[in-house]
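K.L.:
whatever this is, show me its structure:
(chains A and B)
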Number of protein chains: 2
Amino acid sequence: MPEGKEKNADKRRKCVLLAAERSFVASGFHGARMAQIAKEAGMSPGHIYHYFESKGQIIEELIVTHFAEKMEMVEQFEQAGDKVVDHFIENLEKNLESSSDPFWSTLMLEIFSEATRNPEIAATLEKMDAEIKNRIIEAFRKNLDVEDLEARLEIFVAIIQGIGIRNIVAPDFDQRARIQKARDVAEFLFRQDENGMRAVEKAEA
Amino acid sequence: MPEGKEKNADKRRKCVLLAAERSFVASGFHGARMAQIAKEAGMSPGHIYHYFESKGQIIEELIVTHFAEKMEMVEQFEQAGDKVVDHFIENLEKNLESSSDPFWSTLMLEIFSEATRNPEIAATLEKMDAEIKNRIIEAFRKNLDVEDLEARLEIFVAIIQGIGIRNIVAPDFDQRARIQKARDVAEFLFRQDENGMRAVEKAEA
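P.N.:
Modelled structure (predicted):
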């Protein structure tokens, strides 16, 4: 395929993904029809199958795209070397705000729900999640010497995914106050080694 | 209506709710048809409308039933008086295990997803959530003197709802290790006042 055509096809695929996100959030994964997604993307109902075979394939590509974005964040952690915990906590509020906005949280709920019923989507989600978690663990190990690092990360990821839900269930509570408290918990989980010694104190000792 | 008939009707309603839970988990809220729920409950497709007008009404009743169960837990907190934090932490693992099993987590995901699209369900969820949270705050105040108690609770509820998701996304990680770490965070959030003084130390002072 000539280069220009390939680029054009890439753009159309991205456009379909954006239209699909909108449709899934508005109507749910099951409520959104391929024809509706095609219309949102400004193409004919038949044309969309030129890019994606099914809604399942679209959701898989959304997961992959989302995790590629997260990987950029992980690369920054890696570049911070033995200052990784500082870097993580300094950028936490910014990262939490973008990952817990209602649009994104709603889309995540759709993806998680679908994963409980579709083994292929579950497998993609599980693989991406493990990959990103392992890279974060490796980066954090340079700065934090604890045996239960994975459990600490698991709880923190639970907080990130959970405050997205809280934003939906209790929309009147100040999301910034939640995020600030999440930062306190991050300090508790990632600044302390097994003996209760803070990473910062250790660097100073 | 004679008492016997009323009881019978109650039983049939409960049966429909159980069948609906199963169907929502198996096929999703949108995938589950009223006819399928009726079949699971052992009644004719027309008969189910005698008990519930719509799937929306069923999901509303599921929320109310779930929160009534949570209220029993809150009553135990209230009875613990100024020992409420101890009581909460001692029973945490048991409570977390039941609220984060995959069946229940999947059902919650369906309900939260639907709430993003159905304002009536969102309103019921929001009302119940606020009611239970306010009662817990009142109970905790007897044992914990901090200004940001609501933010602390918000983060802990985020953990509870988030570890249900983790159980789906990372099923190979030991759920008990997650729950144990959640307990550490509960100690951090609820045993410490603004000056970093632990509730226990205070009682001893």
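
K.L.:
what strand or helix carries the residue nearest to residue A:188 when sequence neighbours are not counted?
P.N.:
Among residues not flanking residue A:188 along the chain, residue B:188 sits closest, at 4.8 Å (Cβ to Cβ, 6 or more residues apart in numbering or on different chains). Heads up, the C-betas are built off the backbone N, CA and C, glycines and all. Assigned by DSSP states H and E, residue B:188 belongs to helix B:175-190.

K.L.:
that helix vs helix A:175-190, what angle?
P.N.:
110 degrees (axes from the mean of the first three to the mean of the last three Cα atoms, to 10 degrees).

K.L.:
residues contacting residue A:119?
P.N.:
Contact analysis of residue A:119 by Cβ atoms under 8 Å, 6 or more residues apart in numbering or on different chains lists nothing.

K.L.:
against chain B, how distant is it?
P.N.:
From residue A:119 over to chain B the distance is 12 Å, taken as Cβ to the nearest Cβ, to the nearest Å.

K.L.:
what of residue A:135?
P.N.:
Distance of residue A:135 to chain B, given as Cβ to the nearest Cβ: 15 Å.

K.L.:
you'd agree that residue is up against residue A:73?
P.N.:
No - under the criterion of Cβ atoms under 8 Å, residue A:135 lies out of contact with residue A:73, with a separation of 10.2 Å.

K.L.:
which helix is the longest one in chain A?
P.N.:
In chain A, assigned by DSSP state H, the helix with the most residues is helix A:3-31.

K.L.:
all helices for chain A, in order.
P.N.:
According to DSSP H, the helices that chain A contains are A:3-31, A:34-40, A:55-79, A:84-90, A:92-99, A:102-115, A:119-141, A:149-169, A:175-190, A:199-204.

K.L.:
which of those has the lowest mean pLDDT?
P.N.:
Mean pLDDT per stretch puts helix A:199-204 lowest among these, at a mean of 52.

K.L.:
returning to that earlier point: hmm, the residue nearest to residue A:188 is touching residue A:187, no?
P.N.:
No - here residue B:188 does not reach residue A:187: they are 9.6 Å apart, not a contact under Cβ under 8 Å.

K.L.:
coming back round to it: could you check the angle helix B:119-141 makes with the helix holding residue B:188?
P.N.:
Using the same axes, to 10 degrees: helix B:175-190 against helix B:119-141 is 60 degrees.

K.L.:
how is chain A divided into domains?
P.N.:
Listed by automatic domain parsing, the domain ranges of chain A are A:1-52, A:56-204.

K.L.:
which one of the ones you listed lies closest to residue B:7?
P.N.:
domain A:56-204 (33.8 Å; Cβ to Cβ).

K.L.:
what sits against residue A:51?
P.N.:
A:9, A:12, A:13, A:16.

K.L.:
could you rerun that using 10 Å?
P.N.:
A:9-10, A:12-17, A:38, A:41, A:43, A:57-58, A:61 (Cβ atoms under 10 Å, 6 or more residues apart in numbering or on different chains).

K.L.:
between the domains of chain A, which one is closest to residue B:100.
P.N.:
Short answer: domain A:56-204, nearest of those by Cβ to Cβ, at 9.4 Å.

K.L.:
show me how far the closest one is from its chain's centre.
P.N.:
8 Å (Cα atoms, centre = their mean, to the nearest Å).

K.L.:
between helix B:102-115 and the helix holding residue B:188, find me the angle.
P.N.:
Going by the same axes, to 10 degrees, helix B:175-190 makes 60 degrees with helix B:102-115.

K.L.:
helix B:175-190: which residues count as buried?
P.N.:
Across helix B:175-190, burial judged by 16 or more other Cβ atoms under 10 Å in any protein chain shown covers B:175, B:178-183, B:185-190.

K.L.:
that one vs helix B:149-169, what angle?
P.N.:
Going by the same axes, to 10 degrees, helix B:175-190 makes 170 degrees with helix B:149-169.

K.L.:
okay, the angle between helix B:175-190 and helix B:92-99?
P.N.:
120 degrees.

K.L.:
would you put the C-alpha positions of helix B:175-190 in PDB?
P.N.:
Extracted as PDB, the C-alpha positions of helix B:175-190 are listed here (Å, rounded to 0.1, in the frame of the first residue of the first chain):
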ATOM      1  CA  GLN B 175      -6.900 -11.700  46.900                       C
ATOM      2  CA  ARG B 176      -6.100 -12.300  50.600                       C
ATOM      3  CA  ALA B 177      -2.800 -10.400  50.200                       C
ATOM      4  CA  ARG B 178      -4.800  -7.500  48.800                       C
ATOM      5  CA  ILE B 179      -7.200  -7.600  51.700                       C
ATOM      6  CA  GLN B 180      -4.400  -7.700  54.300                       C
ATOM      7  CA  LYS B 181      -2.800  -4.600  52.700                       C
ATOM      8  CA  ALA B 182      -6.200  -2.900  52.700                       C
ATOM      9  CA  ARG B 183      -6.200  -3.500  56.500                       C
ATOM     10  CA  ASP B 184      -2.900  -1.700  56.900                       C
ATOM     11  CA  VAL B 185      -4.300   1.200  55.000                       C
ATOM     12  CA  ALA B 186      -7.400   1.100  57.300                       C
ATOM     13  CA  GLU B 187      -5.100   1.300  60.300                       C
ATOM     14  CA  PHE B 188      -3.300   4.300  58.700                       C
ATOM     15  CA  LEU B 189      -6.600   6.100  57.900                       C
ATOM     16  CA  PHE B 190      -8.700   5.400  60.900                       C
END
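
K.L.:
quick one: contacts of stretch A:91-102?
P.N.:
Contacts for stretch A:91-102 (Cβ under 10 Å, 6+ apart): A:25, A:66, A:69-70, A:73, A:76-77, A:80, A:88, A:104-105, A:108, A:156, A:159-168, A:171, A:175-176, A:178-180, A:182-183, A:186-187, A:190, B:116, B:158.
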